[in-house]
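>>> quick check, what structure comes out for this input:
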Amino acid sequence: MEHFLKISEPVALARPRGAHRLEVFSPKLSRRMIFFRRAQLDQWILLEADPAVITFCERPGYVVVGDERRLADFWVRFSDRQELVILSDIEAENLPVATHRDLDAAALPVRTVGSAEIAAAQVWIDNWQRMLPYIVANRDLISAPLSRSIERFLAHPRRLLEVEREFATGDPVLVRAALFALLHAGKVNAPDLHTQPLSLLTTFLVEGALP
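Just a heads-up that it's a prediction; the model follows:
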């Protein structure tokens, strides 16, 4: 059985000169995260939105790639594997003289993500930027009965408009939050969101159902 690392805290890093401070809350990690580059924020959204990702950590430690010592952007754990993610278009930060968080690149696969890969997923990223606030703001208010009812309703493909009409007696914000949380958990699919902006015409269906 593969031995999995457990990295729960990022390496502390001062804000690079001229960089923005981007703060988010991760439903998957149940904690706040801070980024200094837009590409890091976009990559976080891709990890957050992937049900196959069990957990992850930003700035997990330093790794040598080629002849360069880099601060990895993410450590990611799946059910059967783990990897380090390095964003190729982000320049290496100024490194301290010494650090206690060195990672073994030989033991952990390193996946390099370029700007073209992130750009190709921009519609999906933008849609999740709209959906995640619903999940974060209402994560303690979504009831299990509502989620189960929505799941049953999505046994056949339904547009967002139909879901909201079906559950019109409830709080529409909580209905959306429950629906998006099911998508976040991998219990519901919405293939349209990869290519089209979220709208009332977006189709949702339960995982495994025929479109």
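>>> C-alpha from now on. contacts and neighbour counts both.
Fine.
>>> how about the strands of the chain, start to end?
22-26, 31-35, 55-58, 62-65, 68-71, 74-77, 82-87, 110-113, 158-159, 188-189, 203-206 (DSSP state E).
>>> now, of these, which is deepest in the fold?
Comparing those by mean neighbour count (mean count of other C-alpha atoms under 10 Å), strand 203-206 ranks first with a mean of 24.
>>> I'd like the average pLDDT over that strand.
Average pLDDT, strand 203-206: 96.
>>> then that strand to PDB, C-alphas only?
C-alpha atoms of strand 203-206 as PDB (Å, rounded to 0.1, in the frame of the first residue of the first chain):
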ATOM      1  CA  THR A 203     -28.700  21.100 -17.100                       C
ATOM      2  CA  PHE A 204     -28.000  19.000 -14.000                       C
ATOM      3  CA  LEU A 205     -28.400  15.300 -13.600                       C
ATOM      4  CA  VAL A 206     -27.500  12.800 -10.900                       C
END
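>>> domains for this protein, by residue range?
The record's domain split for the chain, according to automatic domain parsing, is 22-120, 122-206.
>>> pLDDT on stretch 179-186, on average?
pLDDT averaged over stretch 179-186 gives 98.
>>> wait, stretch 6-17
81.
>>> swap in stretch 84-99?
Mean predicted confidence for stretch 84-99 is 65.
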